[in-house]
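Student: Here's my sequence, what's the structure:
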Amino acid sequence: MLDQLSDKFEKILKKLRGSGVLTEQNIAEALKEVRLALLEADVNFRIVKDFIDRVREKAVGQEVLQSLSPGHQVVKIVWDELRAMMGGEKAGLALASSPPTVVMMIGLQGAGKTTTCGKLAKLYKNQGKRVLLVAADPRRPAAGDQLATLGNDLGIDVHRLDQTGAVQADVVRICRAGVERGRDQGFDLVVLDTGGRLHIDDELMGELAAVKTAVQPHEVLLVADAMTGQDAVTMATQFDRRVGLTGVILTKVEGDARGGALLSIRAVTGQPIKFLGTGEKLDALELFHPDRMASRILGMGDVLSLIEKAQETFSREQAEEAEKRLTSNTFTLEDFRAQLGQVNKLGSLDQILGMLPGGQKLKDAMEGRVPEREMKRVTAIIDSMTVRERRDHTVINGSRKKRIARGSGTDVMEVNRLIKQFLSARKIAKAMTGAGGRRQLAQLLRSM
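Tutor: Here you go, the predicted structure:
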């Protein structure tokens with residue numbers, strides 16, 4: 001998501017940074033391009049107008065135009081305004097002082113609401129919270145089955161309908177019973193998975209309002225599909241007016257959404273985006289940081305989020321063991337395969353590149369090659385080796401290479417290429433773990 005917008009912003013702001021002297025005229029020309037880029041990204045036109053007006057007002061001030069680096073100051077102003085437009089600070093859940101915290105999840109059918117309930121439950125379970133999922137969609141039994149399956153996979157309790165059928169259609173009673181169970185059994189978080197509905201359906205919207213009145217949830221979160229653009233903003237406005245929201249979770253942001261919903265929802269509804277669904281896996285839910293997203297849009301990357309992902313994926317012991325094997329020259333193809341597996345846990349390489357400064361340029365340099373496919377090929381080649389070959393690449397002779405190529409569906413040339421890449425990677429990594437390498441890395445970081 002946002003690749004096209006980020007690419008356009010990067011080109012526009014590069015011109016500004018490269019200008020020795022800025023005038024009101026070249027700022028106006030740049031802002032005209034910014035305006036067009038935002039409109040093409042499906043951002044609400046009123047929000048675009050207000051955004052451009054605020055940037056222009058700050059950018060043409062004398063202290064900016066007469067500063068030593070006016071272009072960089074304008075970039076900083078654009079970053080500040082993008083961050084403010086998306087909410088300024090991260091929101092997250094407002095956890096109750098006396099548990100359980102009750103979270104009511106609402107939205108259209110098909111937006112990924114039930115799966116998002118599971119993702120939210122897993123996120124807080126990993127933080128040491130006891131979570132109870134409540135299947136509150138009696139009209140669609142399959143939704144309850146799906147939630148029960150998710151709960152079973154995650155090891156999380158699920159509160160379902162009374163199997164006798166006594167509360168078959170009373171959503172309010174289901175939710176109230178779920179909250180009471182959460183309170184009685186000492187759960188920290190109760191997540192209500194209500195049924196999907198259209199925002200124009202008066203009866204069903206009234207039902208949501210009744211649930212809210214009955215259980216007094218601490219959070220009412222709208223699950224919205226980022227791919228729907230401005231339709232998501234219109235829908236969020238109606239849900240907020242009819243039910244009252246405390247925040248939004250945007251799903252499917254890993255797709256090719258243009259970014260209109262992400263950049264518009266806060267400004268139109270006044271409610272913050274709290275989480276982003278970044279994939280289909282149950283760990284693909286991220287806390288939304290407006291400042292980090294502003295940096296990604298401007299092509300500055302999001303290194304903090306990448307570091308946090310790495311810390312969740314790699315333990316300190318794993319990192320120390322890998323460094324020890326590199327410095328002692330005992331890093332093997334078996335270790336190399338294990339490291340590829342750890343990288344996969346961080347997410348797709350497309351997402352990882354999006355978090356790096358200048359990541360879009362790296363994507364362009366790949367010329368359409370799919371890195372995940374390359375990684376699968378490498379893994380297949382290593383898997384076709386014997387344990388001895390994986391632990392000692394020097395025993396791999398010509399006949400062994402032919403056997404490995406046949407077993408992995410590749411050819412000898414690709415096996416040779418892999419071994420060459422492995423040796424190069426090991427040499428570079430070993431150099432970077434030494435004191436001199438660390439000095440080079442520090443110099444590189446200071447120059448960025």
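
Student: what's the pLDDT at Tyr243?
Tutor: If you look again at residue 243, you'll see it is Val, not Tyr. As predicted, Val243 sits at a pLDDT of 90.

Student: Roughly how far does it sit from Arg406?
Tutor: 61 Å (Cβ to Cβ, to the nearest Å). Backbone N, C-alpha and C define where each C-beta goes, glycine included.

Student: Give me the more crowded residue out of the two.
Tutor: Val243 (20 against 12; other Cβ atoms under 10 Å).

Student: count of neighbours near the residue lying closest to that one once chain neighbours are set aside?
Tutor: Residue nearest to Val243 in three dimensions, not counting chain neighbours: Leu208, with 4.9 Å by Cβ to Cβ, 6 or more residues apart in numbering. Leu208 sits with 22 neighbouring residues when counted by other Cβ under 10 Å.

Student: Repeat that for Asn397.
Tutor: As a burial measure, Asn397 scores 9 neighbours (other Cβ under 10 Å).

Student: and what of Asp184?
Tutor: When neighbours are counted by other Cβ under 10 Å, Asp184 comes out with 9.

Student: how many neighbours does Asn126 have?
Tutor: Asn126: 11 neighbours (other Cβ under 10 Å).

Student: Low-confidence regions, the stretch 151-300 of the chain specifically.
Tutor: 162-169, 197-200, 255-258, 299-300 (pLDDT under 70).

Student: which SS class is Glu254?
Tutor: Per DSSP: H, G, I helix; E, B strand; the rest coil, the secondary structure class of Glu254 is coil.

Student: gap between it and Ser399?
Tutor: Between Glu254 and Ser399 the computed distance is 44 Å (Cβ to Cβ).

Student: Check Thr246 too.
Tutor: 66 Å.

Student: More neighbours: these two, which one.
Tutor: Thr246 (19 against 8).

Student: Okay, buried residues for the helix or strand Met235 falls within please.
Tutor: Secondary structure assigned from DSSP states H and E places Met235 in helix 230-242. The neighbour-count check on helix 230-242 (16 or more other Cβ atoms under 10 Å) flags Gln230, Ala232, Val233, Thr234, Met235, Ala236, Thr237, Phe239, Asp240, Arg242 as buried.

Student: In this structure the last one contacts Ala209, no?
Tutor: Put plainly, it is Arg242. Yes - using Cβ atoms under 8 Å as the test, Arg242 is close enough to Ala209 to be in contact (6.7 Å).

Student: so what sits against both of the two?
Tutor: Taking Cβ atoms under 8 Å, 6 or more residues apart in numbering as the criterion, Arg242 and Ala209 do not both touch any residue.

Student: could you point out the longest helix in this protein?
Tutor: helix 412-433 (DSSP state H).

Student: Relative to Gly112, how far out is the residue nearest the centre of the chain?
Tutor: In the chain, the residue lying closest to the centroid (Cα atoms, centre = their mean) is Thr278, at 4.2 Å. Distance of Thr278 to Gly112, computed by Cβ to Cβ: 12 Å.

Student: Repeat that for Lys212.
Tutor: 22 Å.

Student: now Phe288
Tutor: For Phe288 relative to Gly112 (Cβ to Cβ), the value is 16 Å.

Student: Which one of those two is surrounded by more residues?
Tutor: When Phe288 and Gly112 are compared for neighbours, Phe288 comes out ahead with 23 against 20, by other Cβ under 10 Å.

Student: hang on, the more buried one packs against Thr278?
Tutor: No - Phe288 is beyond contact range of Thr278, at 10.5 Å (criterion: Cβ under 8 Å).

Student: CA atoms only: put stretch 172-182 into PDB for me.
Tutor: Output of stretch 172-182 as PDB, limited to C-alpha atoms (Å, rounded to 0.1, in the frame of the first residue of the first chain):
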ATOM      1  CA  VAL A 172     -27.800  -8.200  23.500                       C
ATOM      2  CA  ARG A 173     -28.100 -11.100  25.800                       C
ATOM      3  CA  ILE A 174     -25.200 -13.000  24.200                       C
ATOM      4  CA  CYS A 175     -22.900 -10.000  24.700                       C
ATOM      5  CA  ARG A 176     -24.100  -9.300  28.200                       C
ATOM      6  CA  ALA A 177     -23.500 -13.000  29.100                       C
ATOM      7  CA  GLY A 178     -20.100 -12.900  27.600                       C
ATOM      8  CA  VAL A 179     -19.100  -9.700  29.500                       C
ATOM      9  CA  GLU A 180     -20.400 -11.200  32.800                       C
ATOM     10  CA  ARG A 181     -18.400 -14.400  32.200                       C
ATOM     11  CA  GLY A 182     -15.300 -12.300  31.500                       C
END
